[in-house]
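Novice: below: sequence and its predicted model.
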Amino acid sequence: MTFKTDFLWGGATAANQLEGAYDVDGKGLSVTDVMPGGKERLGILDSESFDWTIDKEHHTYPNHQGIDHYHHFKEDIALFAEMGFKAYRFSVAWTRIFPNGDEMTPNEAGLKFYDQVIEECLKYQIEPVITISHYEMPLHLVTAYGGWKNRALIEFYGRFAQVLLKRYQDKVKYWMTFNEINSATFIPGLSQGLAPLNGSKERKNIFQAWHNQFVASAQAVKFGHALNKDLKIGCMSIYSTTYSFDANPVNQIATQQSIQEFNYFCNDVQVRGAYPAFTHRLYEKYGVKAEDLDITAEDLALLKEGTVDYIGFSYYMSSVESQTGEGVEASGNMVLGGVKNPFLQESEWGWAVDPDGLRYALNDLYGRYQVPLFIVENGLGAIDQVNEDGTIEDDYRIDYLRKHIKAMEEAIADGVDVMGYTPWGCIDLVSASTGEMSKRYGFIYVDLDDEGVGTGKRSKKKSFDWYKEVIASNGKNL
Ligand code: BGP
């Protein structure tokens, strides 16, 4: 068994990281519009003292400019088509459609932009895959409502999702409700609008915000299915293959718990339509009482009615859990933490490169949920060197992707139903965690530096032609 003939090969991006044009055609401010780049960034994602106001004198805001895809989408999509993309995953900036998030009527100018993006994809027979919300909620929903911990957002998101589903139901078959919904524990600001004034560190708020997102997601799925039964609407979470540091049962139990918490909790609710059995234990771990959360019987009924059709997930790395491992070297991973895996190499940002971990992830998710799986993010963030003649030989990226595609093929041979593969940042864009351009993932190079200085010119890396051949041969020529 190998890749199906209709396998969705493609690439993935997110509005806030590439569009730029942050204040044109009626767009409002989103959370990423107020996040500076560079060293300040990582602190902010998780900080209690984050200032939400724009201070252009002291900070640069990389997402304001992105790669100016807003004005270059035709050129960019033409390059995707040249690579032979069957699918293109992108997100809609909530603030282009509802600038503050709580308006009653959408901003037509914002919708017109996505009309064109979709038309451009269809022109090349590329399936658009839309993430409704990808790390860019309207800032106003954070400052005026406290982010996702406020139930009012269910209605606002509902309005946003319904506008999109109605308008694009005949053109867009594949959807995802929230990007990396399980990221809230380490980036509550980006993920749920909880940082910092809104009690980002309080687990009660994270659980409440999740619940509200689950309900909002289920509502959108139910609405989409009633509108058009052919729509395929998925959830989207990060999967981190998690190994125990050693055979000590204490570490094994800790590993199992961390898997339940990180890899299963959100998927369980969105795929099975109910909170998992370990939920109360999880609340207890963080000192949260179920009765402190606002979860109604109607909500629980809705969760059952709005289960997703597939699981979209991102996979970049694996991690190692150790409760007892004092003295064990910490992993270089600023995002997920954990200890170092002596069997694996890490990227320059400390992300452990682990293709076998992807095979494990696919088998694990399929075994637990038995729904189709869509790898909607994967890739290697790296610093690329441009040679004097303008070429970029990114063999390290080819090597990473080749190994992960092979692992995916193994998983398909294991019996897993994989729908597609859209590597992250198919064109260079602003990094979510660093806010910088120099952490690049693309097959297409964009001439901009960390300060946003450069021509913005697009050029093909070596991986461009390689990936083109992978798609043309349906995964045979790696
Ligand atoms: C995921 C996000 C993306 C993306 C990617 C790479 O977590 O969904 O938005 O940016 O990771 O991360 P980074 O840009 O931090 O390297």
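Specialist: Yep, that arrived.

Novice: and the helices in the stretch 51-200 of the chain, which stretches?
Specialist: Secondary structure of the stretch 51-200 of the chain (DSSP state H, counting those that start in this stretch): helices at 69-83, 94-97, 108-123, 139-143, 152-168, 188-192.

Novice: so can I have JSON lines of the ones you listed showing mean neighbour count and mean pLDDT?
Specialist: C-betas here are computed from N, CA, C, even on glycine. Formatted as JSON lines, the helices of the stretch 51-200 of the chain follow (neighbours: other C-beta atoms under 10 Å; pLDDT from 0 to 100):
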{"stretch": "helix 69-83", "mean neighbour count": "19", "mean pLDDT": "98"}
{"stretch": "helix 94-97", "mean neighbour count": "28", "mean pLDDT": "98"}
{"stretch": "helix 108-123", "mean neighbour count": "17", "mean pLDDT": "98"}
{"stretch": "helix 139-143", "mean neighbour count": "23", "mean pLDDT": "92"}
{"stretch": "helix 152-168", "mean neighbour count": "19", "mean pLDDT": "98"}
{"stretch": "helix 188-192", "mean neighbour count": "28", "mean pLDDT": "88"}
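
Novice: the ones you listed: which one's closest to residue 314?
Specialist: Among the helices of the stretch 51-200 of the chain, helix 188-192 comes nearest to residue 314, with 12.9 Å by C-beta to C-beta.

Novice: residues in contact with residue 116?
Specialist: Taking C-beta atoms under 8 Å, 6 or more residues apart in numbering, we find residue 116 in contact with residue 73.

Novice: and residue 300, that one's in a helix?
Specialist: Yes - counting by DSSP: H, G, I helix; E, B strand; the rest coil, residue 300 is located in a helix.

Novice: what about it, how many neighbours?
Specialist: The local packing of residue 300 (other C-beta atoms under 10 Å) involves 17 other residues.

Novice: now it. Nearest residue, chain neighbours left out?
Specialist: Leaving aside its sequence neighbours, residue 300 sits nearest to residue 274 (C-beta to C-beta, 6 or more residues apart in numbering; 7.3 Å).

Novice: the one you found reaches residue 267, doesn't it?
Specialist: No - using C-beta atoms under 8 Å, residue 274 is not in contact with residue 267, being 11.8 Å away.

Novice: quick one, which of those two is more surrounded?
Specialist: residue 267 (23 against 13).

Novice: buried ones in whichever helix or strand residue 470 is part of, by neighbour count?
Specialist: For residue 470, the element it lies in under DSSP states H and E is helix 462-472. Buried positions in helix 462-472, judged by neighbour count with 16 or more other C-beta atoms under 10 Å: 462, 463, 464, 466, 467, 468, 470, 471.

Novice: output that helix as CSV, nothing but the C-alphas.
Specialist: Extracted in CSV, the C-alpha atoms of helix 462-472 (Å, rounded to 0.1, in the frame of the first residue of the first chain):
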residue,chain,number,x,y,z
LYS,A,462,16.7,23.3,-4.5
SER,A,463,13.9,21.7,-2.5
PHE,A,464,11.4,23.3,-5.0
ASP,A,465,12.3,20.9,-7.8
TRP,A,466,12.7,18.0,-5.5
TYR,A,467,9.2,18.4,-4.0
LYS,A,468,7.8,18.9,-7.5
GLU,A,469,9.1,15.5,-8.5
VAL,A,470,7.8,14.0,-5.3
ILE,A,471,4.3,15.2,-6.1
ALA,A,472,4.5,14.3,-9.8
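
Novice: coming back round to it: before we move on, which element is the residue nearest to residue 300 in?
Specialist: Counting by DSSP H and E, residue 274 is found in no helix or strand.

Novice: for it, give me its contacts.
Specialist: Counting by C-beta under 8 Å, 6+ apart, the residues that residue 274 touches are 268, 300, 303, 304.

Novice: so the last one belongs to a strand, correct?
Specialist: Yep, that's residue 304 we're talking about. No - Residue 304: not assigned to a strand; according to three-state DSSP it is helix.

Novice: just give the nearest non-adjacent residue to it, would you?
Specialist: residue 273 (4.0 Å).

Novice: possible to save the helices of the stretch 51-200 of the chain as TSV with distance to residue 344?
Specialist: Output for the helices of the stretch 51-200 of the chain, formatted as TSV (distance: least, C-beta to C-beta, whole Å):
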stretch	distance to residue 344
helix 69-83	29
helix 94-97	37
helix 108-123	36
helix 139-143	37
helix 152-168	38
helix 188-192	26
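
Novice: so which of the ones you listed gets nearest residue 389?
Specialist: helix 69-83 (19.6 Å).

Novice: surely residue 235 is within a strand?
Specialist: Yes - assessed by three-state DSSP, residue 235 belongs to a strand.

Novice: for it, grab the count of nearby residues.
Specialist: So residue 235, with other C-beta under 10 Å, has 26 neighbours.

Novice: buried ones in the helix or strand harbouring residue 256?
Specialist: Using DSSP H and E, residue 256 sits in helix 249-259. Under the neighbour-count criterion of 16+ other C-beta under 10 Å, helix 249-259 has 251, 252, 254, 255, 257, 258, 259 buried.

Novice: hmm, back to that, any idea how far the residue nearest to residue 304 is from the ligand?
Specialist: Note on residue 273: its distance to the ligand, by C-beta to the nearest ligand atom, to the nearest Å, is 24 Å.

Novice: you'd agree that residue is up against residue 308?
Specialist: No - between residue 273 and residue 308 there is no contact under C-beta under 8 Å: 9.1 Å.

Novice: all strands for the stretch 251-400 of the chain, in order.
Specialist: 310-314, 318-321, 373-377 (DSSP state E, counting those that start in this stretch).

Novice: what's in contact with the shortest one?
Specialist: For strand 318-321, the external contacting residues (C-beta under 8 Å, 6+ apart) are 240-245, 251, 254-255, 258, 331, 333, 336-341, 344, 352, 354, 357, 360.

Novice: over to the last one?
Specialist: Contacts to strand 373-377, defined as C-beta under 8 Å, 6+ apart, come from residues 8, 12, 89, 129, 131, 174, 176, 234, 236, 310-316, 358, 362, 365-366, 408, 416-424.

Novice: out of these, which touch the ligand?
Specialist: Counting by C-beta under 6 Å from any ligand atom, 314, 424 from the contacts of strand 373-377 sit close to the ligand.

Novice: buried ones among the contacts of strand 373-377?
Specialist: Judged by 16+ other C-beta under 10 Å, buried ones among the contacts of strand 373-377: 8, 12, 89, 129, 131, 174, 176, 234, 236, 310-316, 358, 362, 365-366, 408, 416, 418-424.

Novice: what's in contact with the helix holding residue 470?
Specialist: 9, 79, 82-86, 391-395, 397-398, 401, 405, 423, 443-444, 477-478.

Novice: quick check: angle from it to helix 69-83?
Specialist: 60 degrees (axes from the mean of the first three to the mean of the last three C-alpha atoms, to 10 degrees).

Novice: what about helix 462-472, average pLDDT?
Specialist: Averaging pLDDT along helix 462-472 yields 98.

Novice: with adjacent residues omitted, what lies nearest to residue 169?
Specialist: residue 228 (4.5 Å).

Novice: residue 341 now?
Specialist: Per C-beta to C-beta, 6+ apart, closest to residue 341 is residue 320, 4.9 Å.

Novice: contacts only, for residue 285.
Specialist: So residue 285 contacts residue 257 (C-beta under 8 Å, 6+ apart).

Novice: quick one: low-confidence ranges for the chain?
Specialist: 42-51, 195-200, 326-327, 332, 334-337 (pLDDT under 70).
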